[in-house]
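Asks: structural data only, the sequence is not supplied:
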């Protein structure tokens, strides 16, 4: 019953929202705009129409379209929605305990789109996220790139569809100790065994791919369908990026070696000892998504994790992004990552780039998100102040021209601050939210 | 006294093996921690005993604060080493942590804050487990943390004792400030023992706790008092010499803690209290202080209602509040109270209010405010220095002084 009402109200809401919020262009004026694609604009204008950015620039040069409604953002800072290149929001579970390599498993079939963790991520200014299975396997399954749109009924409502009509995602691999099992079985007991098992599967995938190619149009010669091999063939063909969990310097090199050997697209994830092999990472042209952990250790592989990873990778010239690994760090404080990286020597520009555009590139979404540019999705956040200040709050989060979080709305605010009910998963929140967000709110 | 001991030890190690290496080490030790009279100049000095001083000077002599005031009124004697910083604060206090007992490797051999052998072990002393040279002690020291209340972790009905230490010192004797501070008690699901063992429910936990307290009361009434370790320490609880540090996150566990304290007329310090913001009037009425969970602690489970505004709301209700880094089972292996206070400052508290959580208010709740927690004449010369607002992500801690010695000068 509750759900029925909610669906109705969402539909009603969507109708109203479309009419009031999308048909007319909206101009956010008087804000300090950090477009990422260029230097900050002190007196900026951002114009949004039908879910897309139609103009961004200096107030003196941007032409206002007819029928535009303006929203005064004096004193506020506007920047692109944050992109989190590695998260576990929505409670995903991928591979099971039966084997170390399970490329057939899709996180698509696992994420709860109504989880409160998704709403907390909206409160943290995250608009696009790579939701991944865990690191207890060499390959724990296929990942999912999501837009954190509001009021999802089902996971389909959060998917990002590519130009071929397919939902987007990568695949999760891991090396080091998490996927090593002392008890053995089908799981590796050493690092060398870990690499050998992965290599073996990619060789199988190469053979599978070749069989398909050889069959040509003769369907009788096609090998039987194999979901695991199909996913790995996508990896071999560069259609599916490998997000490789790796901490120690030698494990990082192993990940790079496998990537080179099989020619797959890789994003290094965590890379706790990146500062020790930053030049090698840059030379391999491998993007690195790093995490800011407040203290070293917690496990043997991360005793040398350091805030200086950002600065070291920047200096080496590697594409550097950040991730939350939520719940390892909390999506609500994602912006903190940039601040802490700057604390340890990274440039302000590259740190903010790492929160947005660098991650967008890692997810092959650079044409759609990651910067405020004409033609891109209208995904942006409104901040109370400088993005690197602890005192700054995410005041609003917008995705495709719709407000999905508004700190001034108590029903939303609780996802930023916590409090009674803030961790309950469900849909009770939907109807209240949309009304405030799109009708009573800033536009 | 402590200082003299450190100097002696340094001198001894100098002659243990006379080599180039040890000369180099000695040079480093001397340059970082050489004992000298120091004048700390700060563009802003947060004394926490009055308004912050602009262009302040803190004079340090023989490990104590000799004088503090505006540069215009404090003369720096010629032989004082001058250290300048943008912002100067009292050395920070982490009101509840487990570092020194739980190490950064997170391997069985360095996790010593919880013994699974029994559910009620108040006799376990933190001083028998504290590793003064553990990496995480060094890490927090480099952020300006000078005093820690550390010990046995939450996770058993009574997991053991806590202690108060300075983050300097090469061994537990040098570091120890208060050897037995509190007894760590946990209520709620975290206190349940393994399947088939007691306690297995909240009600059973309380039954067991009351039985122990009744026994301790009865022992105290005896002419011949038992001399076993558990009885000795529990007698000190009944005599109100040491409080129970009761970790209680959920509302019903907070109520239980207050009920038990009243029944046995014992002292308690409430710990964690994720639901505290829903129970502020009850806690206020009890008069007991709170060491609130880390601001950025993860919500969920017993902490489902956790709020980043908890410290602010409890403070507003008139409850004495300090902040903790808490216990972490994975990464980060410890939180940094400086960062946690920063987040509190951004969520309802003033800068000064947030700084009080990790300085003077923490000192008061721990009963050590005569020695530490503020920059006042006669107090221990424990100082933290920063190159900007200490709470900003992009600010660095530039130096830490403990008992008048510069124990860290890394830029962190």
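Replies: Arrived safely. Computed from a prediction, not measured in an experiment: that's the story for all the values here.
Asks: name the SS class of the residue in the stretch 301-412 of chain B that chain A sits nearest to, please.
Replies: For the stretch 301-412 of chain B and chain A, the shortest gap (C-beta to the nearest C-beta) falls at residue B:393, measuring 2.7 Å. Backbone N, C-alpha and C define where each C-beta goes, glycine included. Assigned with DSSP: H, G, I helix; E, B strand; the rest coil, residue B:393 falls in the coil class.
Asks: can you give me the strands for the stretch 1-150 of chain A?
Replies: Per DSSP state E, counting those that start in this stretch, the stretch 1-150 of chain A carries strands over the ranges A:26-33, A:41-49, A:52-58, A:69-72, A:77-80, A:82-87, A:126-131, A:139-142, A:144-147.
Asks: what would those strands look like in JSON lines with mean neighbour count, distance to chain B and mean pLDDT?
Replies: Conversion of the strands of the stretch 1-150 of chain A to JSON lines gives the following (neighbours: other C-beta atoms under 10 Å in any protein chain shown; distance: least, C-beta to the nearest C-beta, whole Å; pLDDT from 0 to 100):
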{"stretch": "strand A:26-33", "mean neighbour count": "22", "distance to chain B": "18", "mean pLDDT": "98"}
{"stretch": "strand A:41-49", "mean neighbour count": "21", "distance to chain B": "21", "mean pLDDT": "98"}
{"stretch": "strand A:52-58", "mean neighbour count": "19", "distance to chain B": "26", "mean pLDDT": "98"}
{"stretch": "strand A:69-72", "mean neighbour count": "14", "distance to chain B": "24", "mean pLDDT": "96"}
{"stretch": "strand A:77-80", "mean neighbour count": "25", "distance to chain B": "15", "mean pLDDT": "98"}
{"stretch": "strand A:82-87", "mean neighbour count": "29", "distance to chain B": "14", "mean pLDDT": "98"}
{"stretch": "strand A:126-131", "mean neighbour count": "29", "distance to chain B": "16", "mean pLDDT": "98"}
{"stretch": "strand A:139-142", "mean neighbour count": "28", "distance to chain B": "18", "mean pLDDT": "98"}
{"stretch": "strand A:144-147", "mean neighbour count": "26", "distance to chain B": "21", "mean pLDDT": "98"}
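Asks: quick check: bridge partners of residue B:92?
Replies: Beta-bridge partners recorded for residue B:92 (DSSP bridges): residue B:145.
Asks: equivalent analysis for the one 5 residues further on, please.
Replies: When bridges are assigned using DSSP bridges, the partners listed for residue B:97 are residue B:150, residue B:326.
Asks: wait, isn't it in contact with residue B:152?
Replies: No. Residue B:97 lies out of contact with residue B:152 (C-beta atoms under 8 Å); the separation is 11.4 Å.
Asks: spell out which parts of the stretch 1-150 of chain B neighbour chain A.
Replies: Residues of the stretch 1-150 of chain B found near chain A (C-beta under 8 Å from any C-beta of the partner chain) are B:103, B:104, B:105, B:106, B:107, B:135, B:136, B:139.
Asks: before we move on, the earlier item: which among the strands of the stretch 1-150 of chain A is found nearest to residue A:263?
Replies: strand A:139-142 (16.9 Å; C-beta to C-beta).
Asks: columns distance to residue A:288 on top of the strands of the stretch 1-150 of chain A, output as CSV?
Replies: CSV is the format used below for the strands of the stretch 1-150 of chain A (distance: least, C-beta to C-beta, whole Å):
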stretch, distance to residue A:288
strand A:26-33, 28
strand A:41-49, 29
strand A:52-58, 28
strand A:69-72, 37
strand A:77-80, 20
strand A:82-87, 10
strand A:126-131, 14
strand A:139-142, 20
strand A:144-147, 18
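Asks: phi, psi for the residue lying closest to residue B:41 once chain neighbours are set aside please.
Replies: In this structure, residue B:41 finds its nearest non-sequential neighbour in residue B:84, 4.5 Å apart by C-beta to C-beta, 6 or more residues apart in numbering or on different chains. Note on residue B:84: its backbone torsions stand at phi -110, psi 150 [degrees, to the nearest 10].
Asks: I'd like to know how far residue A:202 sits from residue A:168.
Replies: 22 Å (C-beta to C-beta, to the nearest Å).
Asks: all helices of the stretch 101-250 of chain A, in order?
Replies: Using DSSP state H, counting those that start in this stretch, the helices of the stretch 101-250 of chain A run over residues A:116-123, A:191-215, A:227-236, A:249-262.
Asks: low-confidence stretches in the chain?
Replies: As the question left the chain open, I've gone with chain A. Scanning chain A for pLDDT under 70 picks out A:1-22, A:427-443.
Asks: wait, I meant chain B there
Replies: Across chain B, the ranges flagged by pLDDT under 70 are B:1-35.
Asks: pull the longest helix from it.
Replies: If you go by DSSP state H, chain B has its longest helix at helix B:202-221.
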